[in-house]
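Asks: sequence first, predicted coordinates after that:
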Amino acid sequence: MTALRKLTTRVIIIAVVLFLCGCTALFNIPGLPQLVPTVLPNVTVEAEPVACLGGDLAHGCEGGFGISNALIGTLIVDVVLIGLFWIVARRPKLVPTGLQNFLESMIEILYNQAEQVAGKNAAKIFPIGATIFLFVFFINYTELIPGVESIGSVHPAEGAAQGYELDKSTPEGSPIVFLNPRCPVITQDVYDRLTDAEKQARVQAGCREPIPASTQSEGESAHEADRGWVVVPTVRTPSTDINVTLALALVAVSATQVYGVINHMPRGQKGVRAVLIGIRRYLGKFFNISGFRREGAGKIFGAVDFFASLLEGLSEVVKIISFTFRLFGNIFAGTVLIFVVSSLIPYVGPVAALLLEVFVGLIQAYVFMMLTFVFMNVAAQVHGEHEEAAH
């Protein structure tokens, strides 16, 4: 009963916290008094630079190395992963408990998945697939951490009629700048569609006049004074940056090609000559010209085999695109979903969206790993006249 009472107490505390979080969103509904007004995050596909080495961040970090918020998120995940396994490997116990038990159980589950796909070759492909799973799993779950994608620095918006006005209560020359959530920068067309209560709320908040329609057609330079301010998050979910997902796709497909070449090398031979033979045999899968040596009508089937091999080579490029956009699209859409639902539906909506992202983050990591296992196992298959000589 004591354990059940403790569990019940914790559930009640969590429920109260979630309720209070929902209340802050409830008071941000237009037409109701805003108790804790919030600024909606700036949704952008491109990762934003938050620091610059050897250049000026205010001028696009020209001549320097820009550090993006997605890179910071990636480095944090790397440190956490390395730290977890270092702690466990430092003093392993014969009977695992706690963190060691959790990590060993996860590794065992992943290895069983590799065995189901590759059988005796599981030990060779397991390190690549398991590393990808753990990395993708952790970076996907960073979007569930409070502050990620929402806490950062204030910068001018890229275009006109975007972002929020600066809070007039900010002391002049202060390094800390606040935005006014009650005063989003809007155009005259948007202002005309507001209700009288919403217009009155803008007047009471001291918001400036909307951007005139005539100014909107004069070009980007005419909007400099009308631009608002946005929050650029310090840490961004790495898998919402297409550069990160592309890098993962390149690693997975490149590892597949290397593993395929190794398994097409002559058995028992090493060195440059063996590698060149393995490359020639492996590339034969994608440029199959052996059928043209057939006699008579067999050349027609040889041409069909050659065309099919070209399609197989094209599929290797398609794998990169598929890997990249599957992970990027799902996680980026999930991040936007959390922002929108949290703003529109303050109670059940955010909880449902977060639970959905817990499921999506796990599934995407699992799918990425399993496809890597399958592709590497297929690349290792040797057929035809080289089957006896290769491994």
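Replies: Everything's here; your move.
Asks: and the helices in the stretch 101-250 of the chain?
Replies: Here the stretch 101-250 of the chain has its helices, by DSSP state H, counting those that start in this stretch, at 122-141, 188-192, 196-204, 213-216, 242-263.
Asks: kindly export the very next helix or strand once past the longest one (C-alpha atoms) in PDB.
Replies: Looking back up the chat, that one is helix 242-263. Downstream of helix 242-263, the first helix or strand assigned by DSSP states H and E is helix 272-283. Taking Å, rounded to 0.1, in the frame of the first residue of the first chain, the C-alpha atoms of helix 272-283 are listed here in PDB:
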ATOM      1  CA  VAL A 272      44.900  -3.500 -52.500                       C
ATOM      2  CA  ARG A 273      44.400  -6.200 -55.100                       C
ATOM      3  CA  ALA A 274      41.700  -7.900 -53.100                       C
ATOM      4  CA  VAL A 275      40.000  -4.600 -52.500                       C
ATOM      5  CA  LEU A 276      40.000  -3.800 -56.200                       C
ATOM      6  CA  ILE A 277      38.600  -7.200 -57.000                       C
ATOM      7  CA  GLY A 278      35.800  -6.700 -54.400                       C
ATOM      8  CA  ILE A 279      35.000  -3.300 -55.900                       C
ATOM      9  CA  ARG A 280      34.800  -4.700 -59.400                       C
ATOM     10  CA  ARG A 281      32.600  -7.500 -58.300                       C
ATOM     11  CA  TYR A 282      30.300  -5.300 -56.200                       C
ATOM     12  CA  LEU A 283      29.900  -2.700 -58.900                       C
END
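Asks: what's the following helix or strand past helix 272-283 packed up against?
Replies: Counting by DSSP H and E, the next helix or strand C-terminal to helix 272-283 is helix 298-344. When contacts are defined as 3 or more C-beta pairs under 8 Å, 6 or more residues apart in numbering; DSSP states H and E, helix 298-344 packs onto helix 242-263, helix 348-379. Yep, even glycine has a C-beta here, placed from its N, CA and C like the rest.
Asks: mind doing that once more with 10 Å?
Replies: Under the contact criterion of 3 or more C-beta pairs under 10 Å, 6 or more residues apart in numbering; DSSP states H and E, helix 298-344 touches helix 2-26, helix 122-141, helix 242-263, helix 348-379.
Asks: okay, the angle between the second one and helix 348-379?
Replies: Right, the one you point to is helix 122-141. Relative orientation of helix 122-141 with respect to helix 348-379: 160 degrees, computed using axes from the mean of the first three to the mean of the last three C-alpha atoms, to 10 degrees.
Asks: would you mark the buried spots in helix 122-141?
Replies: Burial within helix 122-141, assessed by neighbour count using 16 or more other C-beta atoms under 10 Å, is assigned to 122, 124-126, 128-141.
Asks: quick revisit: residue 103: which of the helices and strands packed on helix 298-344 is closest?
Replies: Proximity to residue 103 (C-beta to C-beta) singles out helix 122-141 among the helices and strands packed on helix 298-344, at 9.3 Å.
Asks: angle of that closest one against helix 298-344?
Replies: 30 degrees.
Asks: could you give the mean pLDDT of helix 122-141?
Replies: Across helix 122-141, the average pLDDT comes to 91.
Asks: quick one on the thing from earlier: okay, the helices of the stretch 101-250 of the chain in TSV with distance to residue 283 next?
Replies: Converted to TSV, the helices of the stretch 101-250 of the chain look like this (distance: least, C-beta to C-beta, whole Å):
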stretch	distance to residue 283
helix 122-141	21
helix 188-192	58
helix 196-204	65
helix 213-216	56
helix 242-263	9
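Asks: of those, which is nearest residue 155?
Replies: Proximity to residue 155 (C-beta to C-beta) singles out helix 242-263 among the helices of the stretch 101-250 of the chain, at 20.3 Å.
Asks: next one: the residue lying closest to residue 199 once chain neighbours are set aside from residue 212, what distance?
Replies: Closest residue to residue 199 apart from its sequence neighbours, by C-beta to C-beta, 6 or more residues apart in numbering: residue 191 at 7.3 Å. Residue 191 sits 10 Å away from residue 212, taking C-beta to C-beta, to the nearest Å as the criterion.
Asks: neighbour-wise, which of those two wins?
Replies: Neighbour count, other C-beta atoms under 10 Å: between residue 191 and residue 212, residue 191 has more, with 15 against 12.
Asks: still on that earlier bit, from memory the residue nearest to residue 199 sits against residue 211, does it?
Replies: Yes. In this structure, residue 191 is within contact of residue 211 by C-beta atoms under 10 Å, at 8.7 Å.
Asks: residues touching residue 100, list them.
Replies: Residues in contact with residue 100 (C-beta atoms under 10 Å, 6 or more residues apart in numbering) are 84-85, 87-89, 91-93.
Asks: and the one helix or strand it maps to, average pLDDT?
Replies: Using DSSP H and E, residue 100 maps to helix 98-118. Average pLDDT, helix 98-118: 88.
Asks: how much does that helix deviate in direction from helix 348-379?
Replies: Using the same axes, to 10 degrees: helix 98-118 against helix 348-379 is 50 degrees.
Asks: re earlier: now the contacts of residue 100: which count as buried?
Replies: Buried members of the contacts of residue 100, counted by 16+ other C-beta under 10 Å: 84, 88.
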